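Enquirer: Sequence and predicted structure, then a few things I'm wondering about:
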Amino acid sequence: MDEYGTDSAGVGAAPSVARLLLELRSRATIDVKTLGKALQVRPQGKTGVAVRIHPGGVDFAVDRDRANDVALSMPGAFVIDPDDPDCWVSVQADYIDDNYDALLDATAEAVELRAAGKPAPVKRARAAAAPKATVPKAAGTTAAKTRAAAKPAPRPDPPRCPKCRQYELLASGECPSGYC
């Protein structure tokens, strides 16, 4: 078996994934973008990724409140990070055929969820919203002087051979070329 879950004849999860993608396109208008060995499925014209198809299986976005119930309803499925505000359920490649109908419904709901304007939440709070404190002129100049005084002096360039001027001298003071 190779990294895509297929044997040497090309039989494996790939036909199921292709069928899933075709049937998902018939249910919703989507954009598909390749990213390395994975596919990202988004609602058309939106930026939030709804479904990720990769060699290990299929991941789809779900509402955080329903994530555990959805994962328990499908064998081989699990919630990727239960504490993350952007909740994803993953179905392993070996279980795509077993859960095909439920997986198709769940991926269609994921596309609808992202199309409804519920993109992935920002994971970090942005510091731009906080106003910056103003520093008085006198305090700012002394701080700059102490930072400048704390910097180490730059190292001098190592001495070069006075004859060839090409090589740095060894610790013994000789040229490493041996010809000078």
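Expert: Done, it's in.
Enquirer: Give me the neighbour count for residue 53.
Expert: A count of nearby residues for residue 53, using other Cβ atoms under 10 Å, gives 25. All C-beta spots, glycine's among them, are computed from the backbone N, C-alpha and C.
Enquirer: wait, it sits on residue 18?
Expert: No. Residue 53 is beyond contact range of residue 18, at 9.7 Å (criterion: Cβ atoms under 8 Å).
Enquirer: Residue 42 belongs to a strand?
Expert: Yes. Assessed by DSSP: H, G, I helix; E, B strand; the rest coil, residue 42 belongs to a strand.
Enquirer: which intervals of this protein have sub-threshold pLDDT?
Expert: Within the chain, the set of residues satisfying pLDDT under 70 comprises 1-13, 118-149.
Enquirer: Would you map the strands across it?
Expert: Per DSSP state E, the chain carries strands over the ranges 30-35, 38-43, 51-54, 57-61, 77-79, 88-92.
Enquirer: any idea how far residue 72 is from residue 78?
Expert: Plainly put, residue 72 is 9 Å away from residue 78 if you go by Cβ to Cβ, to the nearest Å.
Enquirer: Neighbour count: those two, which is higher?
Expert: Shown here are residue 72 and residue 78; by other Cβ under 10 Å, residue 78 has more neighbours (15 against 12).
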